[in-house]
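**Student:** Below: sequence and its predicted model.
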Amino acid sequence: HGEPTMITSDPPEHDRVRRAAMRHFGPPHSSDLVSSQEAEIKRIVAGLLDKLKGKKRIDVVDEFAYPLPVTVICAVLGVPRQDEPRFHGWIQAFMNGLDLGPEAATAEQKRLREVGNRGRQDLRDYMRGLLEKYAEQPGPGMLSAMVNDKSEEHLSHDELLSNAMLLLFAGHETTVNLIAHSVLTLLRHEDALEKLRRRPELIVPGVEEFLRFESSVQFWPTRTALEDIEIAGTTIPKGAAVIPVYGSGNRDPSRFTNPDQVDLEREDNEHLGYSGGIHLCFGGPLARLEAQIAVGEFVRRVKNPRLVVDPPPYRHNQIFRGPRHVLVDIDGVSD
């Protein structure tokens with residue numbers, strides 16, 4: 001498995017690794033990285049929507065929600081965009097194999113796990129090669145900056161590799177699900193769609209509501225109780241596995257009024273769509289920007305979108321929840 005990543009480690013290792021990566025992504029050292037992507041995100045979104053002109057039926061996942069985040073994360077990290085067909089297959093295999101069912105798995109589950117492990121190994125080998133290339137010849141993007149970081153807090157070779165894989169994988173998979181779910185949710189809730197058409201500025205709180213309503217990450221399986229904890233009269237013993245279910249917390253009626261309703265103007269929307277505490281999602285600000293621009297432009301430009309299949313088919317993954325396809329009939333795309 002290699003070194004633990006920032007997601008799977010505790011302080012002080014976690015803090016050191018996260019700081020080392022954040023130097024090249026956000027404040028205080030790289031304060032304009034996310035905002036500097038805005039024009040490029042707008043350009044990509046416009047291009048993707050232009051390509052849909054003349055079509056009567058589109059797949060929101062393959063033709064819109066997937067290409068944007070993968071293009072952006074490749075640019076931010078410095079991963080060659082032309083390598084996407086290779087690593088896409090490995091990541092899909094890895095995700096399909098993340099089945100947390102019983103150990104006495106079916107033959108099919110075992111097969112998926114084996115293929116998934118191979119996919120992860122192939123991705124690891126690919127990223128190792130890319131990092132070695134940047135060590136010899138620095139290039140654009142975060143990975144090259146991290147490889148060539150000579151500051152006190154630079155990462156070891158193995159730490160760099162594990163976290164580079166995490167950044168590539170987490171940097172687009174969950175955003176694909178967020179954009180696809182946002183469109184799906186709007187097409188299921190005509191009133192919300194109409195409201196957003198009338199008041200496009202609601203896309204900012206709107207994306208927060210989509211994050212709450214359809215959590216891209218449903219739960220997280222790598223937490224452990226560090227001491228006995230009592231919750232609601234039950235003691236969770238020290239050392240026990242704890243699986244926080246974000247999807248459940250985001251629909252908690254004691255925290256959210258009418259949690260099963262979509263409210264683009266929801267007040268005090270402190271959802272768990274990006275986890276919380278020290279593990280609050282590293283890439284959240286970039287994902288928010290991508291979703292705001294993509295979904296906002298989709299609503300503005302796509303004429304009369306209608307769901308073809310509801311519910312759509314979903315990916316084979318319990319943790320990273322998202323539709324595999326969202327087929328939509330449209331009357332055209334405006335300029």
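**Tutor:** Cool, the structure landed.
**Student:** Please tell me I have it right and R23 contacts E153.
**Tutor:** Yes: when contacts are counted by Cβ atoms under 8 Å, R23 is listed as touching E153 (7.4 Å). Every residue, glycine included, has its C-beta placed from N, CA and C.
**Student:** which of these two has more neighbours?
**Tutor:** Just comparing R23 and E153: by other Cβ atoms under 10 Å the higher neighbour count belongs to R23, 19 against 12.
**Student:** What residues does the more buried one make contact with?
**Tutor:** By Cβ atoms under 8 Å, 6 or more residues apart in numbering, the contact set of R23 is 29-30, 145, 149, 151, 153.
**Student:** same thing with L327?
**Tutor:** 57-60, 307-309, 312.
**Student:** Check F87 too.
**Tutor:** 79, 123, 126, 168.
**Student:** quick one: which helix or strand includes it?
**Tutor:** Applying DSSP states H and E as the criterion places F87 in helix 84-96.
**Student:** That helix: how far from the chain's middle?
**Tutor:** Relative to its chain's centre, helix 84-96 lies at 15 Å (Cα atoms, centre = their mean, to the nearest Å).
**Student:** I'd like to know how many residues surround N96.
**Tutor:** Neighbours of N96 using other Cβ under 10 Å come to 17.
**Student:** Distance-wise, check it relative to R266.
**Tutor:** 34 Å (Cβ to Cβ, to the nearest Å).
**Student:** what do you get for F282?
**Tutor:** 25 Å.
**Student:** number of nearby residues for the residue nearest to M22 when sequence neighbours are not counted?
**Tutor:** Leaving aside its sequence neighbours, M22 sits nearest to F282 (Cβ to Cβ, 6 or more residues apart in numbering; 7.1 Å). Number of residues near F282 (other Cβ under 10 Å) recorded here: 21.
**Student:** F282: what's it in contact with?
**Tutor:** Listed by Cβ under 8 Å, 6+ apart, the contact partners of F282 are 6, 18, 21-22, 25, 167, 170.
**Student:** do L186 as well
**Tutor:** 192-193, 196, 295, 299.
**Student:** Now do the host helix or strand of it, average pLDDT.
**Tutor:** For L186, the host element (DSSP H and E) is helix 173-188. Mean pLDDT, helix 173-188: 97.
**Student:** burial measure for the closest residue to E159 other than its chain neighbours, as a count.
**Tutor:** Nearest residue to E159, sequence neighbours excluded (Cβ to Cβ, 6+ apart): E3, at 4.6 Å. Neighbours of E3 under the rule other Cβ under 10 Å: 17.
**Student:** E3 contacts L161, correct?
**Tutor:** Yes: proximity of E3 to L161 meets the contact threshold set by Cβ under 8 Å, at 7.4 Å.
**Student:** Quick one: residues contacting A46.
**Tutor:** E297.
**Student:** I'd guess it is in a helix, am I close?
**Tutor:** Yes: assessed by DSSP: H, G, I helix; E, B strand; the rest coil, A46 belongs to a helix.
**Student:** how much space between it and I179?
**Tutor:** From A46 to I179 the distance is 15 Å (Cβ to Cβ).
**Student:** Locate the residue of the protein with the greatest distance from its centre.
**Tutor:** Distance from the C-alpha centroid of the chain, by Cα atoms, centre = their mean, peaks at G233 (34.8 Å).
**Student:** Could you pull out the helices in the stretch 101-250 of the chain for me?
**Tutor:** 107-136, 142-147, 157-170, 173-188, 190-198, 203-213, 246-249 (DSSP state H, counting those that start in this stretch).
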